[in-house]
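**Student:** Only the shape, not the letters, is given here:
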């Protein structure tokens, strides 16, 4: 399983590259018991992508060898991609299906772990040296540590900063205002049409069954008409079903459904990591659009999750100009950036920077549009 072993500079942190494997679940669970996780990088999610051929993923894992027994201190999944068949490959620090590319790192060892990760990429001849960060949280610890490890031995160009809504028990949920008033009115009007119920089953059979309902809702919506629903592509559907099945087997996925007289009118796919939840995808029946069913569901499920005591924070997986921003006041800064770990300046990096800046200036497939697409899903 281990490939490209590289000890860090101080000798106590070691890191290696490997492929997604069920063997990684043990180190992963041990690590996220101490630090914030990233549900999109759970080994079960990575296996879903690898087993279905959905993405070519490399996993970097770091250990503190000074502990007895050694303990994991870092985990980062990178997807190898090309823009076109003939163009150079690069590493994208976010699996295609994910909404955040955060590395999972013990913050007390952030500098050492990032140094070890970059050493692995730099010296492994099989790995591209340019990394694209998308939706990486610009937190005060890990992101600065990453930039410090590039000083004099790499390059970095930040392209975009956006604010992402989030909610937790201390802040983030709007308790009053026009939006909340409208939601109360919409809920009352919807309740007048029939028996309204919200179910968010957390067992594996419940999650898988509810996901099939979600897929049908999405396919019948505007996404189906535009060909962007998961069921519009056999490969996408196969991967998504495997993803939910794999995560649900670890009690890390559910689909909240809002129904009227037993018929689902909107669904919200949720995935979990530690005490954090992520609102991954949503779909609703357009015939109920006047009731704002998606907003009603996310409002109710936010309150239920935070009051349960099992969830401390919820990541919207969305940009700051969507419905989540109207419901939640919490914000976290996310960045898109390019990184080159070459020891000296590379022409490929300069060309990649120019290409991304051009995309942003002309408003085509730049990072802001990518964030808008993520929000719409």
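**Tutor:** Arrived safely, thanks for sending. None of these values were measured; they are calculated from a predicted model. Numbers count the residues shown, from 1 in each chain.
**Student:** quick one, what contacts residue 74?
**Tutor:** By Cβ atoms under 8 Å, 6 or more residues apart in numbering, residue 74 lies in contact with 15, 31, 60-62, 103-106, 109, 113-114, 116-117. Quick note: C-beta positions are derived from backbone N, CA and C, even for glycine.
**Student:** Repeat that for residue 289.
**Tutor:** For residue 289, no contacting residues are found, by Cβ under 8 Å, 6+ apart.
**Student:** what do you get for residue 250?
**Tutor:** By Cβ under 8 Å, 6+ apart, the residues touching residue 250 are 25, 42, 44.
**Student:** Hmm, residue 273 and the second one touching each other?
**Tutor:** Yes: Residue 42 sits in contact with residue 273 when judged by Cβ atoms under 8 Å, with a separation of 6.5 Å.
**Student:** Can you pull out the low-pLDDT segments for the stretch 201-350 of the chain?
**Tutor:** 343-345 (pLDDT under 70).
**Student:** Narrow the contacts of residue 74 to those in helices?
**Tutor:** Per DSSP state H, helices hold the following members of the contacts of residue 74: 31, 113-114, 116-117.
**Student:** Looking at the residues you listed, spot the one nearest residue 53.
**Tutor:** Residue 53 has its nearest neighbour among the ones in helices among the contacts of residue 74 in residue 117, at 25.5 Å by Cβ to Cβ.
**Student:** Kindly provide the distance from that closest one to residue 282.
**Tutor:** Going from residue 117 to residue 282 by Cβ to Cβ, to the nearest Å gives 33 Å.
**Student:** quick one, which of the two is more surrounded?
**Tutor:** Regarding residue 117 and residue 282, a neighbour count based on other Cβ atoms under 10 Å identifies residue 117 as having more, with 28 against 25.
**Student:** Going by neighbour count, list what's buried in stretch 13-32.
**Tutor:** Across stretch 13-32, burial judged by 16 or more other Cβ atoms under 10 Å covers 13-18, 20, 24, 27-28, 31-32.
**Student:** Dump the ones in helices among the contacts of residue 74 into TSV; add pLDDT and distance to residue 297 as well.
**Tutor:** Shown next, in TSV, are the ones in helices among the contacts of residue 74 (pLDDT from 0 to 100; distance: Cβ to Cβ, whole Å):
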residue	pLDDT	distance to residue 297
31	97	32
113	96	38
114	96	38
116	95	42
117	96	38
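**Student:** which SS class is residue 164?
**Tutor:** For residue 164, the assignment made with DSSP: H, G, I helix; E, B strand; the rest coil gives strand.
**Student:** That one: neighbouring residues, count only.
**Tutor:** Neighbourhood size, residue 164 [other Cβ under 10 Å]: 25.
**Student:** do the same with residue 306
**Tutor:** 20.
**Student:** quick one: contacts for it?
**Tutor:** Contacts of residue 306 (Cβ under 8 Å, 6+ apart): 167-169, 173, 312, 314.
**Student:** repeat for residue 137
**Tutor:** Residues near residue 137 by Cβ under 8 Å, 6+ apart: 100, 102, 143, 332-335.
**Student:** Tell me the bridge partners for it.
**Tutor:** Per DSSP bridges, the residues bridged to residue 137 are residue 334.
**Student:** for residue 199, same thing?
**Tutor:** Beta-bridge pairing for residue 199 (DSSP bridges): residue 257.
**Student:** can you map out the helices along this protein?
**Tutor:** Using DSSP H, the helices of the chain run over residues 25-32, 43-51, 110-123, 142-148, 178-191, 204-220, 222-226, 234-249, 293-308, 323-327, 347-362, 367-376.
**Student:** right, and those - which one's nearest residue 68?
**Tutor:** helix 25-32 (14.4 Å).
**Student:** Tell me the helices and strands packed up against the closest one.
**Tutor:** With contacts taken as 3 or more Cβ pairs under 8 Å, 6 or more residues apart in numbering; DSSP states H and E, helix 25-32 sits against helix 43-51, strand 71-81, strand 104-105.
**Student:** Determine which stretch of these is the most buried.
**Tutor:** strand 104-105 (a mean of 24; mean count of other Cβ atoms under 10 Å).
**Student:** Would you give the sheet partners of that one, along with the direction of each?
**Tutor:** When DSSP bridges is applied, strand 104-105 pairs with strand 71-81 (antiparallel).
**Student:** Mean confidence (pLDDT) on the partner strand, please.
**Tutor:** Per-residue pLDDT over strand 71-81 has a mean of 94.
**Student:** Run the angle between that strand and helix 25-32 for me.
**Tutor:** 110 degrees (axes from the mean of the first three to the mean of the last three Cα atoms, to 10 degrees).
**Student:** just how off-centre is strand 71-81 within its chain?
**Tutor:** In terms of Cα atoms, centre = their mean, to the nearest Å, the gap separating the centre of strand 71-81 from the centre of its chain is 14 Å.
**Student:** from now on call the first residue 117
**Tutor:** Sure, I'll start numbering at 117, so the last one becomes strand 187-197.
**Student:** circling back: find the residues that touch each one of residue 158 and residue 389.
**Tutor:** Counting by Cβ under 8 Å, 6+ apart, the common neighbours of residue 158 and residue 389 are residue 368.
**Student:** Settle it for me: which of these two has more neighbours?
**Tutor:** Shown here are residue 158 and residue 389; by other Cβ under 10 Å, residue 158 has more neighbours (28 against 21).
**Student:** what's near enough to touch that one?
**Tutor:** Shown in contact with residue 158 (Cβ under 8 Å, 6+ apart): 144, 363, 366, 368, 389.
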